[in-house]
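sequence first, predicted model second:
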Amino acid sequence: MAKPQRFGTQPAMIKGDGRDLKSHGSLDADIIIANAPDPVFVSDLEGKILQANDAVSQLLGFRQDEVLEQSLSRFITPDETREFTAALREVVERGVMRNVVLNPRSASGEVIPTSLNASALRDPDGRAIGVIGILRDMRELDKARAYAESLIKNAPDPVFVSDLEGKILQANDAVFALLGFRPDELIEQSLSRIISPAETREFLAALREVVERGVTRNARLNPRSASGEVIPTTLNASALRDPDGKVIGVIGILRDMRELDKARAYAESLIKNAPDPVFVSDLEGKILQANDAVSALLGFRPDELLEQSLSRFISPEETREFTAALREVVARGVTRNARLNPRSASGEVIPTTLNASALRDPDGKVIGVIGILRDMRELDKARAYAESLIKNAPDPVFVSDLEGKILQANDAVSALLGFRPDELLEQSLSRFISPEETREFTAALREVVARGVTRNARLNPRSASGEVIPTTLNASALRDPDGKVIGAIGILRDMREYEQVVRDLEKSKSELQEKILDLEKFEEVVVGRELKMIALEKELESLRNKSKV
């Protein structure tokens, strides 16, 4: 086996024209070449291989003695030999050359795509006498590129590739469908041809961001289509890199924003014209948009609301509650009936409830909230009035949820049953009535939900003393601010006196019936006597008539 030539980093003795090269310096370069992970070789300026590491043999499948002292032209085509010779001239002139494509044929006959980076090998006088070449196996990279090109070609979104000056190098069918241009009208054209000068500057700024950060998000572009229509789009772009990892261009994905812009305009119109106070805030609570109803509610001008934090209008405690509501919006997409008490321009504290839903970006990420406020002043007054009516009602009145748990009860309930309020509240009504009546009460609740009311349901609760108290229940629906039935307001009627009256009437009726029977018997006796007297009188009259004859 031929012994590889060695090239040291110290001054070397050069004989003749450099074809017979011998190093008398250190072995540093030999060690680096031998242990390099990439295939590395040294050739003279005619392309004869003087040294090659094991990675070259592994790549091509030739033994070292089959590679050394051979011309590179043995392994590549005539065309590539000419390209390599031109590359050698570039190395002599510039000291280096990058990414020359070589496709050497391996020992098995496989053509292996590679790229060649080469730098000059110089003698002690600085004259280029050969090259040190590093090959990069491009098979996996070519597969990756082919896969990437397939992804681009078949992507449903408009995808293009451009260089760092904005020249379009590749575009898929979705781009042509979006803009209405033929491929030959876009490829090799600058993007500045279809966007305005201002947007060209923005696009170049986006390119700089891609170079610096590897990506850019949601840059706005409004390209003009073949028909002249300006099409609103957003651009997400990522870096296109060469084999050395250097950014050489961008892969851009356009999103047609026409429908989304229409939806946004429609949403803004809904917000602006909504009868309820509606606002939009970011996830820190900064107000980005608010309709006239918000200004009317709080008494602030729009410029006093927009770009302000909601914490300016609510207490620190409520700010924490609002922040928790924002977290719920991010986690669940919605929050319901959060209490807020903003202070108006006049200093009045206004009780409100907040229903909020998620505001999302085009990728579906939550970026803020759309909040609807409900002025609770009148409702709170109505509730206070209702609570006053319940508290002061002469009849026993209670409020329960739909499971029968007692939420509120007036003093008349305590007086009726003999329990203290704390022994009634938060207790299930089933504690005071029989299992059968519990089922009947549950049926009554269902009727309340279905019809809004139930009438004269019978309940016989057991009092604190153990007495079973007959009552009737009339119940009506308790509704939330959205009109949904959330419980029942029940009015009990103590039926003890009524039932006593009924019993007394029944007793009187029984006594009366007995007296009627006695009278009937008496009448029967009297009538019988009368009939007998009449019969005797007739008999006497008959006897008198006979005696006269």
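Now that the structure is in, tell me what you want to look at. The shown structure was predicted, so the numbers you read here are calculated from the model rather than taken from an experiment. Numbers count the residues shown, from 1 in each chain.

every contact and neighbour count from this point should use C-alpha atoms.
OK.

what about the stretch 101-250 of the chain, any weak spots by pLDDT?
141, 144, 147-148 (pLDDT under 70).

right, I mislabeled it, should have said the chain
In the chain (pLDDT under 70), the answer is 1-29, 141, 144, 147-148, 263, 267, 379, 382, 386, 549.

which one's the longest helix in it?
helix 496-548 (DSSP state H).

give the contact list for the residue nearest to L459 when sequence neighbours are not counted.
Closest residue to L459 apart from its sequence neighbours, by CA to CA, 6 or more residues apart in numbering: T471 at 5.3 Å. Contact analysis of T471 by CA atoms under 8 Å, 6 or more residues apart in numbering lists 458-461, 492-496.

separation between T471 and E530?
Remark: distance between T471 and E530 (CA to CA, to the nearest Å) = 55 Å.

list the buried residues for stretch 170-178?
170-176, 178 (16 or more other CA atoms under 10 Å).

ok, stretch 306-322 next?
Those would be 306, 309-311, 313-314, 318-319, 322, for stretch 306-322 by 16+ other CA under 10 Å.

now do stretch 494-505
Neighbour count says stretch 494-505 has 494-495 buried, by 16+ other CA under 10 Å.

starting at the chain centroid, how far to it?
63 Å (CA atoms, centre = their mean, to the nearest Å).

can we start the residue count at 20 from this point?
With the count now opening at 20, the last piece we talked about shows up as stretch 513-524.

which other residues reach it?
435, 488-491.

6 Å instead, please
489-490 (CA atoms under 6 Å, 6 or more residues apart in numbering).

alpha carbons of it, as CSV, please.
Extracted in CSV, the C-alpha atoms of stretch 513-524 (Å, rounded to 0.1, in the frame of the first residue of the first chain):
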residue,chain,number,x,y,z
ASP,A,513,-99.6,26.3,57.3
MET,A,514,-102.6,24.0,56.8
ARG,A,515,-103.1,23.0,60.5
GLU,A,516,-105.9,25.5,61.2
TYR,A,517,-107.5,24.8,57.8
GLU,A,518,-107.4,21.1,58.6
GLN,A,519,-108.8,21.7,62.1
VAL,A,520,-111.7,23.7,60.5
VAL,A,521,-112.2,20.8,58.1
ARG,A,522,-112.2,18.4,61.0
ASP,A,523,-114.6,20.6,63.0
LEU,A,524,-116.9,20.7,59.9
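
got a list of contacts for stretch 389-409?
By CA under 6 Å, 6+ apart, stretch 389-409 touches 296-299, 370-376.

which of those residues fall in strands?
Residues of these located in strands (DSSP state E): 297-299, 371-376.

in the sheet, who's paired with the residue nearest to L478?
Bridge pairing for T490 (DSSP bridges) gives the partners L478, D513.

ok, it to N479 distance?
For T490 relative to N479 (CA to CA), the value is 6 Å.

do E466 as well
Relative to N479, and taking CA to CA, E466 is found at 19 Å.

cool, I267 as well?
86 Å.

quick one, which of those two is more surrounded?
N479 (17 against 14; other CA atoms under 10 Å).

phi and psi next, for the more buried one.
phi -130, psi 70 (degrees, to the nearest 10).

okay, strands next: where are they in the stretch 120-269 of the chain?
133-141, 147-156, 178-182, 187-190, 234-240, 252-260, 266-275 (DSSP state E, counting those that start in this stretch).

distance to E287 for those - can I get that in CSV?
Listed next are the strands of the stretch 120-269 of the chain as CSV, based on distance: least, CA to CA, whole Å:
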stretch, distance to E287
strand 133-141, 55
strand 147-156, 56
strand 178-182, 30
strand 187-190, 34
strand 234-240, 20
strand 252-260, 19
strand 266-275, 19
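
among these, single out whichever gets nearest to P321.
strand 234-240 (27.2 Å; CA to CA).

list the buried residues in that closest one.
Result for strand 234-240 [16+ other CA under 10 Å]: buried residues 234-235, 237-240.

go on, stretch 396-411?
For stretch 396-411, by 16+ other CA under 10 Å, it's 406, 409-410.

how about CSV for the residues you listed, with secondary structure and distance to G247 added?
Output for those, formatted as CSV (DSSP: H, G, I helix; E, B strand; the rest coil; distance: CA to CA, whole Å):
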residue, secondary structure, distance to G247
E406, helix, 67
I409, helix, 70
K410, helix, 73
